[in-house]
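Undergrad: Quick check, what structure comes out for this input:
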Amino acid sequence: QWRNKATMACERAERIGDGKPLTLSVQVQHWPIRGQFTIARGSKSEAVVVLAEISDGTVTGRGECVPYARYGESINGVVVAIENLRPALQQGLDRQRLERLLPPGAARNAVDCALWDLQAKQAGCSVAELAGLAPLRAVPTAYTISLGEPEVMAAQARQALSHPLLKLKLGGAGDADRIRAVRDAMPECRLIVDANEAWPADQIYRLVAVAADCNIELIEQPLPAEEDGVLAEIPHLVPICADESAHDCASLKRVMGRYDAVNIKLDKTGGLTEALRMTDQAHMQGLKIMVGCMVATSLAMAPAMLVGQHADWVDLDGPLLLLRDRESALRYRAGDVYPPSPALWG
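TA: Numbering: from 1, shown residues only. The predicted model follows:
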């Protein structure tokens, strides 16, 4: 019911500022990571984001995205895709037309979120109000433990005592030892794991059983997306969540029977508009919701807070992995992330 109201409000919100000529600024920004962030696909020491700013001459909306090579995206390709919207923006681009001009992905995400921010400023209210939602509240978020040797991950988990929910990045070989080591180190902590498609299909049952023995709450994308059919054939001793296998509403049909939950990321859906729609449809299909993120600044997390209000798991810790964050950054305390200030977004 909350989402049906929000869907109707989204449609009404499209009319705010419709037709006004809009100008665009696009920047590529580099944000150093604290130490190094490692997943099954490799390591990185900085987050490279694309910032889109859209102005009507009086107020400016902002959106941030992270191009992801796994989905065939590049920094230059995303910048070009956004820059190509200049003529449409000069004619007063709205979010409905944006969905016809760009496919789901990082480029559309930055522009969609900037348009939401702009519309909220034009209307003199919050994005939550525009979307028909209650005022945003703080929500508990996972804190990510980077992929490493079992004893290293266990030590990192011990250092994260202020975070009641930890997310373990896994990588295939040695994952059973990683899971057991962290559980032994943190017997009371809530744990979820993310394999980033790294588990071999012939090991899936054994590794799911290890996760169940260690009281893991959720397993995220254990198999490559193109090989996940086997998930329909095994017992789900632990709920399994689709990430790379679920991008937008159109992908929900193929995950049914294979997954118990979907990870909704705005860089996959192409922005908040589709993310809210996908949340609605996933709930109607009986799927649980995880809202996730790339490693990015608070500006990228802020729109996802709307999805996080009714998610079963929230994973919006990207800024905590950075050496520094934007001004007016999101506030994190005792494992919770708090709503953005108007100076940041929304």
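
Undergrad: Longest helix in this protein, please.
TA: Counting by DSSP state H, the longest helix found in the chain is helix 106-123.

Undergrad: and that one, what other elements does it pack with?
TA: Here helix 106-123 touches helix 2-13, strand 42-55, strand 60-65, helix 75-83, helix 95-101, helix 127-130, helix 266-269, helix 272-284, going by 3 or more C-beta pairs under 8 Å, 6 or more residues apart in numbering; DSSP states H and E. Quick note: C-beta positions are derived from backbone N, CA and C, even for glycine.

Undergrad: Can you show me the CA trace of that helix as CSV?
TA: Below are the C-alpha coordinates for helix 106-123, written out as CSV (Å, rounded to 0.1, in the frame of the first residue of the first chain):
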residue,chain,number,x,y,z
ALA,A,106,24.7,4.4,-14.1
ALA,A,107,24.2,7.3,-16.6
ARG,A,108,20.5,7.4,-16.1
ASN,A,109,20.9,7.0,-12.4
ALA,A,110,22.9,10.3,-12.0
VAL,A,111,20.4,12.3,-14.1
ASP,A,112,17.3,10.7,-12.6
CYS,A,113,18.5,11.5,-9.1
ALA,A,114,19.5,15.0,-10.1
LEU,A,115,16.0,15.6,-11.5
TRP,A,116,14.4,14.4,-8.3
ASP,A,117,16.6,16.7,-6.3
LEU,A,118,15.8,19.6,-8.6
GLN,A,119,12.1,18.9,-8.4
ALA,A,120,12.2,18.9,-4.6
LYS,A,121,13.9,22.2,-4.6
GLN,A,122,11.4,23.7,-7.1
ALA,A,123,8.5,22.4,-5.0
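
Undergrad: Check which residues of it are buried.
TA: 106-122 (16 or more other C-beta atoms under 10 Å).

Undergrad: Kindly calculate the angle that the longest strand along the chain makes with helix 75-83.
TA: When the chain is scanned for its longest strand (criterion: DSSP state E), the result is strand 23-39. On the basis of axes from the mean of the first three to the mean of the last three C-alpha atoms, to 10 degrees, strand 23-39 is oriented at 150 degrees to helix 75-83.

Undergrad: For strand 23-39, which residues meet the burial criterion?
TA: 24, 26, 31, 33, 37, 39.

Undergrad: just the residues you listed now: which is nearest residue 94?
TA: Nearest to residue 94 among those is residue 24, at 14.4 Å by C-beta to C-beta.

Undergrad: need the contact list for that closest one.
TA: Residue 24 makes contact with 52-54, 82-83, 85-86, 89, according to C-beta atoms under 8 Å, 6 or more residues apart in numbering.

Undergrad: Can you turn the buried part of the residues you listed into a ChimeraX selection?
TA: Provided next is the ChimeraX selection string for whichever of those are buried by 16+ other C-beta under 10 Å:
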select :52,53,54,82,85,89
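
Undergrad: what sits against residue 338?
TA: By C-beta under 8 Å, 6+ apart, the contact list for residue 338 reads 138, 330-332.

Undergrad: Now do the contacts for residue 263.
TA: By C-beta under 8 Å, 6+ apart, the contact list for residue 263 reads 220-221, 241-243, 246, 290-292, 315.

Undergrad: Might you specify the subset of the residues you listed located within helices?
TA: Short answer: the contacts of residue 263 have none in helices (DSSP H).

Undergrad: Let me know the closest of those residues to residue 252.
TA: Nearest to residue 252, judged by C-beta to C-beta, of the contacts of residue 263 is residue 246 at 6.6 Å.

Undergrad: ok, that closest one touching residue 262?
TA: Yes - at 4.3 Å, residue 246 counts as touching residue 262 under the criterion of C-beta atoms under 8 Å.

Undergrad: which neighbours do those two share?
TA: 252, 255.

Undergrad: hmm, back to that, for the longest strand of the chain, what is the average pLDDT?
TA: Regarding strand 23-39, the rounded mean pLDDT is 95.

Undergrad: for stretch 179-197, same thing?
TA: Stretch 179-197 carries an average pLDDT of 97.

Undergrad: measure it end to end?
TA: End-to-end distance of stretch 179-197 (C-alpha to C-alpha, to the nearest Å): 16 Å.

Undergrad: Please apply the same query to stretch 124-134.
TA: 16 Å.

Undergrad: Return the distance of that stretch from the chain's centre.
TA: Computed by C-alpha atoms, centre = their mean, to the nearest Å, the chain-centroid distance of stretch 124-134 equals 20 Å.

Undergrad: Poorly predicted segments of the stretch 201-346 of the chain, please.
TA: Along the stretch 201-346 of the chain, segments meeting pLDDT under 70 are nowhere present.

Undergrad: next one: the stretch 1-150 of the chain
TA: Flagging of the stretch 1-150 of the chain using pLDDT under 70 yields the residue ranges 1-19.

Undergrad: Out of the contacts of residue 263, the closest to residue 200 would be?
TA: Nearest to residue 200 out of the contacts of residue 263 is residue 221 (C-beta to C-beta; 13.8 Å).

Undergrad: Thanks again, I'm all set now.
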